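> Requesting a structural model of the entry that follows:
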Amino acid sequence: MAKKLTILATLLLLLSGCTDMTVEDFRGKQPEMRIETYFDGPTQASGIVRDRFGNLRRQFTVTMTGRWDGDVFVLEEDFVYDDGEQDRRIWRVRKDGESGYRATAPDVIGEAVGKVAGNALNWRYTLALPISGRVWHIDFDDWMFLQPDGVLINQAHMSKFGIRIGEIVLSFSKPAQAAVNEFEDAPARVVALP
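The predicted structure is shown next:
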């Protein structure tokens, strides 16, 4: 019996995808990640959903707009999935001390709790997801890493009862027009040719 329990415990540990990575591991890394800066205005993303075996289940795009409403940062997300389904989520984000965030959304159970250090942000929350005609409460361990080129890479591990059931991988970028506007606003330079 003890041998069976040891095997079961080992299997659950492997399936849960435990990691000892903490957001503090990224302190000092650049560029600095701040939700209220990166997501201010329009942002785009493309993503995939994989099951616990690594099989691709869905693909999607997200168009987002972030704005301040008093001391609350409102982030509106519009999803379009490859099967034609569309979804919308509106986050209401508040600062929680120097390096923390708390957020709510209609399909988040309780609050999402986020911590940031350097170029990394880690969110933990439970999402009510409709799956096969039922609503499941799925736990998310959501990591975002801001890259020097402005791309934000996001990997979210999903679990139920501590067992890893899949992951979502996204790549965020700012729309091309934002880059054009930054170029147009740059001071003109005169280059003398020989």
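> Centre-most residue in the protein?
N154 (4.8 Å; C-alpha atoms, centre = their mean).
> quick one: strands adjacent to the helix or strand harbouring E167?
E167 is located in strand 163-173, with elements delineated by DSSP states H and E. Strand 163-173 pairs in its sheet with strand 41-51 (antiparallel), strand 152-160 (antiparallel), by DSSP bridges.
> Deepest-packed of the ones you listed, please.
Of the strands paired with strand 163-173, the one with the most neighbours on average (mean count of other C-beta atoms under 10 Å) is strand 152-160, at a mean of 18. The C-beta positions use only the backbone N, C-alpha and C, and glycine is treated the same way.
> Identify all contacting residues around it.
16-17, 33, 38, 45, 47, 123, 136-147, 164-173 (C-beta atoms under 8 Å, 6 or more residues apart in numbering).
> Out of the residues you listed, which end up buried?
Neighbour-count burial (16 or more other C-beta atoms under 10 Å) applied to those gives 16-17, 33, 38, 45, 47, 123, 138-146, 164-168, 170, 172-173.
> Off-centre distance for stretch 105-125?
Computed by C-alpha atoms, centre = their mean, to the nearest Å, the separation of stretch 105-125 from the middle of its chain amounts to 8 Å.
> First residue to last residue on that stretch, what's the distance there?
Stretch 105-125 stretches 11 Å from its first residue to its last (C-alpha to C-alpha, to the nearest Å).
> Which positions within it qualify as buried?
For stretch 105-125, by 16+ other C-beta under 10 Å, it's 105, 107-108, 111-112, 114-123, 125.
> Just the buried residues of stretch 53-69, please?
F60, V62, M64, G66.
> which SS state does the second one fall under?
Right, V62. strand (DSSP: H, G, I helix; E, B strand; the rest coil).
> Just give the closest residue to it, not the sequence neighbours.
Leaving aside its chain neighbours, V62 sits nearest to A45 (4.2 Å; criterion: C-beta to C-beta, 6 or more residues apart in numbering).
> what's the answer for the last one, then?
Counting by C-beta to C-beta, 6+ apart, the nearest residue to G66 once its immediate chain neighbours are dropped is F39, at 3.8 Å.
> so the one you found makes contact with R67?
No - taking contacts as C-beta atoms under 8 Å, F39 lies outside contact range of R67: 9.3 Å.
> In the chain, where is pLDDT below threshold?
Residues of the chain that meet the criterion pLDDT under 70 lie in 1-19, 176-194.
> quick one, helices of it?
For the chain, the helices defined by DSSP state H occupy 2-16, 35-38, 176-185.
> Distance check, the residue nearest to the centre of the chain against G70.
From N154 across to G70, the span is 27 Å (C-beta to C-beta, to the nearest Å).
> for Q59, same thing?
36 Å.
> can you check A128 too?
In terms of C-beta to C-beta, A128 sits 27 Å off from G70.
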